[in-house]
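Peer 1: Pasting the sequence and the predicted model now:
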Amino acid sequence: MRAHKHIIMKYSLAIFIRESMSGLYAKRFIHLLVFLSFATIGLAQCPADGDITFSSQADIDAFGNNYPSCTTITGNVTIQENTSGDITNFNGLSNIQTINGSFYIANNSAISNMSGLGNLQTVTSDFYIFENNNLINLSGLGSLSSIQGDYFYIGHNNNMTNLQGLNSLTNVEANNLYVGHNDNLQNLSGIDNLSSVTGALTIEYNPELDDLSGLSNLQTIGDNLLIGDNYYLASISQLSNLTGVGGYLWLGPNQNLASFSGLENLNSIGKGIWIGRNNSLTDMSALSGISSLGDYLMVDENNSLTNLNGLQNISNLSGLLWIGNNNSLTNISLTGLTSVDGDLLISDNNSLENLDGLSNLASINGYLHLTGNYALNNIEGIAQIDPTTINNISIFDNDNLSACSVNSVCNYLELANPDTDIHDNLTNCNSDSEISTLCHCN
């Protein structure tokens, strides 16, 4: 209705002019008025709401010519070339500021950066940048400040070396910021202003990644932090301002990471920790600010790790404790731990001789498993565990263990219908009856 009124007003004005002016000038004025009206309407319009796919450079160029004043696209946008090497720039999209939908830039073999997207500020849903094999960095995205939806995904870009171009990004609102499978990515410089990630941050399968340069201002992660399968990663010291991880902390596998230096200010983890398959890891002292976990603690397959120093201030776990397959581990050093709300599993640590680092553990809520620890000869460190909090005791394949008659085990065996699996240790620790006999003698 408003548009019709607008046209009627213009039509009435034209009649007035025609009646008030000479015929020649009136006609010229009317023609000019009509031309300007339609030109203004055409320039102001964007495409009708709906998904758009750009499969050639001609498609992108045509958009710029047909909609030169369009700043907002409502619908999902995909840029994926049909012919290899066809799309070389995004200049036809240079006025776009907002995409109300998802944005996919995929399988474009010639683009080396994001030139042409310099005015893009907001993507309200997912943003995927993947399998662009000549993409070196993200320069051209300098105005991008808001990414919502489920994923901001940067992956499988084989020649990308850094993330230059994301300097306006201070917070990723998406549920996941994913940087993975970029074969030549050396660091994360370019997101240096990033201070928070609302969801999870995953950095994985970047074989040439040396360090985490670019994350020096990151303070909080709302969900999980995963750093794994980055073969040459030698330092995470750039995480020195990180104070909180709302979900899980997963560190590994990172074959060349010797320490967690950089995590000294991390004092809050909402769920659990997994530290696994870091063959060069010798020092976890940077984790000493953590005092409790909302789920499990798992330390698994770290072949150079000799102790768990750095975890000594954790007082309680709301999940299982698993320490396994750490071939050089000699000291568990969890002296602050008083309760585990789950299973206690200590297995296949070939150099571990005792459990003294658990001497303050008073209760668990699950299975107690001591299995496959070749050098283990003393389990006095678990003597004080309340037997009523133990659901099962399994002690087997500990080739040097002959003394199992500690208070927690003896008292558990006195309970009605104890559930056990005890065998293949040294004499006096090969069955319930052997242990019970010694319990009664002590």
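Peer 2: Thanks, I have the structure now.
Peer 1: got the buried residues for stretch 232-249?
Peer 2: 233-240, 242, 244-249 (16 or more other CB atoms under 10 Å). All C-beta spots, glycine's among them, are computed from the backbone N, C-alpha and C.
Peer 1: got it, and stretch 389-397?
Peer 2: In stretch 389-397, counting by 16+ other CB under 10 Å, buried: 389, 390, 393, 394, 395, 396, 397.
Peer 1: what do you get for stretch 106-123?
Peer 2: Buried-residue list, stretch 106-123, by 16+ other CB under 10 Å: 106-118, 120, 122-123.
Peer 1: Residue 421: what's its closest spatial neighbour, skipping adjacent residues?
Peer 2: residue 394 (4.1 Å; CB to CB, 6 or more residues apart in numbering).
Peer 1: what sits against the one you found?
Peer 2: Shown in contact with residue 394 (CB atoms under 8 Å, 6 or more residues apart in numbering): 367, 368, 369, 370, 371, 420, 421, 422.
Peer 1: Can you lay out the residues you listed as JSON lines showing pLDDT?
Peer 2: Output for the contacts of residue 394, formatted as JSON lines (pLDDT from 0 to 100):
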{"residue": "367", "pLDDT": "98"}
{"residue": "368", "pLDDT": "98"}
{"residue": "369", "pLDDT": "98"}
{"residue": "370", "pLDDT": "98"}
{"residue": "371", "pLDDT": "98"}
{"residue": "420", "pLDDT": "98"}
{"residue": "421", "pLDDT": "98"}
{"residue": "422", "pLDDT": "98"}
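Peer 1: Okay, and which of those residues map to helices?
Peer 2: Of these, none are assigned to helices by DSSP state H.
Peer 1: Reformat those as a markdown table; add distance to residue 100.
Peer 2: A markdown table is the format used below for the contacts of residue 394 (distance: CB to CB, whole Å):
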| residue | distance to residue 100 |
| --- | --- |
| 367 | 52 |
| 368 | 55 |
| 369 | 53 |
| 370 | 58 |
| 371 | 56 |
| 420 | 62 |
| 421 | 59 |
| 422 | 64 |
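Peer 1: which among those residues end up buried?
Peer 2: Buried, going by 16+ other CB under 10 Å: 367, 368, 369, 370, 371, 420, 422, out of the contacts of residue 394.
Peer 1: for these, which one is nearest residue 274?
Peer 2: Residue 274 has its nearest neighbour among the buried ones among the contacts of residue 394 in residue 369, at 17.8 Å by CB to CB.
Peer 1: Distance-wise, check residue 159 relative to residue 109.
Peer 2: Going from residue 159 to residue 109 by CB to CB, to the nearest Å gives 10 Å.
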